[in-house]
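Undergrad: No letters, just coordinates:
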């Protein structure tokens, strides 16, 4: 499905410096029993966010009103484990449009790009600067520019460029997805399939 | 001529087109689907008004959320039942082969694919499940995909993929007594870390790998994702061909000879280069167990949990958070810790060889009273074979019960959940927080080590029991 276009996002951010956050933490398996894509945001980080009785755990960042915004700044090796796209659906449904980390798991990153959540890989040093700035002032704004492939910490003006291939960049800017592309080349695919 | 790797040969022969400054349009030979990651893909096909392009290239089975008892009855959990019914409906609508609950070849996708002979050398195979890497054991490029990609495969038989980098991991020498392929892979991941192979596709090589059975090779390739790799593969050889010969979907007669002749060419050329190489000595590997909340946090059963020496910042915080969840302290030994549950099963270790090794180990012994044991076959075929070989009888005499096939307590989507706070030693693939149930604590190990834990009731090196 075509998704929201992404060009420039300027917003505050939510910090989650924990390393190796796997997709079972992002959305536990017992919440995958849906046949539609909506509503996963309620269970984003379910077991870190709520206790067994369903009460919000006050020490978890999503329950802390101090922090808000469409940008999630996450620790190293974010999104490891299961290929469940539900993890990205939950992130999207909660309201995030961009995840920043010094290291993403491979399938998770692909899944982000496929539904229009921009994964931004920064250096470990820049990630540390972001964590420090957000913690010091939760109103700190970050600007993520897809056309310029640049992320800027607006309070200090410090910025870093990030990688994304031209094809995916163009898709995200225009809100296209891979199926639109693949359906347009069906005769080439048919010719290829005929020989296999 | 250019020297290429096995991975290059298979990958390059499946590229329909390379997008300039973008990914490859990558053709998929076989596609497995299950009830959890496919419904939204089918729903989106409907929304777009398109159909399944090549239904014969997709095979379905419900495995993730199914109960492992009373499979002949209607699934009690409403949401699980709806997902399974949706899968049936979609398969019927689009003409996709379904191995339904209770049918002769029902089971975990990554167990039934090889059993049916669907999985073959040189193929590209995907499934909306990260352990699709299992099929790499046959010399195939196999990896997990997200639901958007499931939709792409259903609609066009292609996905858009950038070619990963290449890594080779060689293990040479002979494995010691009581050391299994699960120990090899847990050892490798403990060395490389849970993220150490991210961005790579791995080829496993060396004499220790070549000497493994197909089941044991599948265990290794299965856990490639646990070090971040998209997948892992092993060059096909006589062991592969022997396994496949006579399987339902394997070529037969003249076609078999032609296929084998082709498959024999599927190997890395001498002198081909990899982006990264690791070498390990099989003699250094001992029974392994994990102590933390990612599969890279593994030690030999006889070793102590690492201290925080040399760690700082978020690295140290994350490490202590993990140990805190497990209820373990840095520097302590895991041996002798009292265990509550054992789980034998999953796409990692739910095959006949695994059930066999557990049965042989517990023969004439008794399950410890403090242990609740769940032994779950990977498929109906495994279940049937376990009965035929008399393994079920041996297990029952030792106080164990064989359940019905499914993913079960590996990810606890069905009722097989380890209760909060309880400690489980499991043959599955992930020890993430809450993976086996909210608050459950998981230690990963081989079927042999799990069997040793089951009879002693505590963390035990299986070699100690074998020696007695």
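TA: Structure's in. What do you need? If you're wondering where the values come from, they're calculated on a predicted model, not measured in any experiment.
Undergrad: How about the residues of the stretch 201-350 of chain B by chain A?
TA: B:225, B:226, B:228, B:230, B:293, B:294, B:314, B:315, B:317, B:318, B:321 (C-beta under 8 Å from any C-beta of the partner chain). No exception for glycine: its C-beta is placed from N, CA and C like everyone else's.
Undergrad: In chain A, what residue lies closest to chain B?
TA: residue A:167 (2.7 Å; C-beta to the nearest C-beta).
Undergrad: which residues does that residue contact?
TA: B:19, B:20, B:21, B:22, B:23, B:160 (C-beta atoms under 8 Å, 6 or more residues apart in numbering or on different chains).
Undergrad: who's in contact with residue 121?
TA: I went with chain A, as the question did not name one. So residue A:121 contacts A:101, A:102, A:103, A:104, A:162, A:163 (C-beta under 8 Å, 6+ apart).
Undergrad: Oops, wrong one, chain B.
TA: B:138, B:139, B:140, B:236, B:240, B:263, B:266.
Undergrad: quick one: residue B:203 from residue B:165, how far?
TA: For residue B:203, the distance to residue B:165 (C-beta to C-beta, to the nearest Å) stands at 12 Å.
Undergrad: Looking only at neighbour counts, state which of these two leads.
TA: residue B:203 (25 against 15; other C-beta atoms under 10 Å in any protein chain shown).
Undergrad: quick one: which helix or strand includes the more buried one?
TA: According to DSSP states H and E, residue B:203 maps onto strand B:200-205.
Undergrad: Just the pLDDT at the residue positioned nearest the centre of chain A, thanks.
TA: In chain A, the C-alpha nearest the mean C-alpha coordinate belongs to residue A:99, at 3.6 Å (C-alpha atoms, centre = their mean). In this model, residue A:99 is scored at 98, pLDDT.
Undergrad: How many residues are close by the nearest residue to residue B:172 once chain neighbours are set aside?
TA: Nearest residue to residue B:172 in three dimensions, chain neighbours excluded: residue B:206, at 4.5 Å (C-beta to C-beta, 6 or more residues apart in numbering or on different chains). Neighbourhood size, residue B:206 [other C-beta under 10 Å]: 17.
Undergrad: same thing with residue B:74?
TA: When neighbours are counted by other C-beta under 10 Å, residue B:74 registers 8.
Undergrad: Repeat that for residue B:387.
TA: 13.
Undergrad: now do residue A:190
TA: Neighbours around residue A:190, by other C-beta under 10 Å: 14.
Undergrad: mind checking the SS state of it?
TA: Following DSSP: H, G, I helix; E, B strand; the rest coil, we place residue A:190 in the helix state.
Undergrad: Over to residue B:374?
TA: Residue B:374 - assigned by three-state DSSP - is strand.
Undergrad: For it, name its beta-bridge partners.
TA: residue B:343 (DSSP bridges).
Undergrad: Isn't residue B:359 up against residue B:394?
TA: Yes: Residue B:359 lies in contact with residue B:394 (C-beta atoms under 8 Å); the separation is 4.5 Å.
Undergrad: So if I had to pick from those two, which one is more boxed in?
TA: residue B:359 (25 against 20).
Undergrad: Find the residue closest to that one in space, skipping its chain neighbours.
TA: Counting by C-beta to C-beta, 6+ apart, the residue nearest residue B:359 is residue B:391, at 4.0 Å.
Undergrad: Quick check: the residue of chain B nearest chain A.
TA: residue B:22 (2.7 Å).
Undergrad: What count of nearby residues applies to that residue?
TA: Using other C-beta under 10 Å: residue B:22 sits among 17 other residues.
Undergrad: Identify the residues contacting residue B:356.
TA: B:386, B:389, B:391.
Undergrad: quick one: terminal-to-terminal distance for stretch B:45-61?
TA: 20 Å (C-alpha to C-alpha, to the nearest Å).
Undergrad: Contacts only, for residue B:68.
TA: Residue B:68 neighbours (C-beta under 8 Å, 6+ apart): B:374, B:376, B:403, B:404, B:405, B:406, B:408, B:414, B:416.
Undergrad: which SS class is the fifth one?
TA: Each residue gets one of three states, and residue B:405 gets coil by three-state DSSP.
Undergrad: Now do the strands in chain A.
TA: A:8-11, A:13-16, A:71-74, A:98-101, A:118-121, A:142-145, A:150-153, A:158-161 (DSSP state E).
Undergrad: The ones you listed into a markdown table, with extra columns for distance to residue A:172?
TA: Below are the strands of chain A laid out as a markdown table (distance: least, C-beta to C-beta, whole Å):
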| stretch | distance to residue A:172 |
| --- | --- |
| strand A:8-11 | 11 |
| strand A:13-16 | 19 |
| strand A:71-74 | 15 |
| strand A:98-101 | 10 |
| strand A:118-121 | 6 |
| strand A:142-145 | 11 |
| strand A:150-153 | 15 |
| strand A:158-161 | 16 |
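Undergrad: Looking at those strands, which is nearest to residue B:277?
TA: Ranking these by proximity to residue B:277 (C-beta to C-beta) places strand A:118-121 first, at 24.8 Å.
Undergrad: Please state the offset of that closest one from the chain centre?
TA: 7 Å (C-alpha atoms, centre = their mean, to the nearest Å).
Undergrad: And that strand, what's buried?
TA: By neighbour count with 16 or more other C-beta atoms under 10 Å in any protein chain shown, strand A:118-121 contains the buried residues A:118, A:119, A:120, A:121.
Undergrad: Sheet partners, orientation included, of it?
TA: By DSSP bridges, strand A:118-121 pairs with strand A:98-101 (parallel).
Undergrad: contacts for the strand it pairs with?
TA: A:6, A:9, A:13, A:70-79, A:91, A:112, A:117-122, A:127, A:130, A:142, A:144, A:151.
Undergrad: Filter these down to the buried ones.
TA: In those, burial by neighbour count holds for A:6, A:9, A:13, A:70-79, A:91, A:112, A:117-122, A:127, A:130, A:142, A:144, A:151, counting by 16+ other C-beta under 10 Å.
Undergrad: so how far is residue B:176 from residue B:299?
TA: Applying C-beta to C-beta to residue B:299 and residue B:176 gives a distance of 17 Å.
Undergrad: Could you report the neighbour count for residue B:416?
TA: Residue B:416: 23 neighbours (other C-beta under 10 Å).
Undergrad: A helix includes it, no?
TA: No: if the criterion is three-state DSSP, then residue B:416 is coil and not within a helix.
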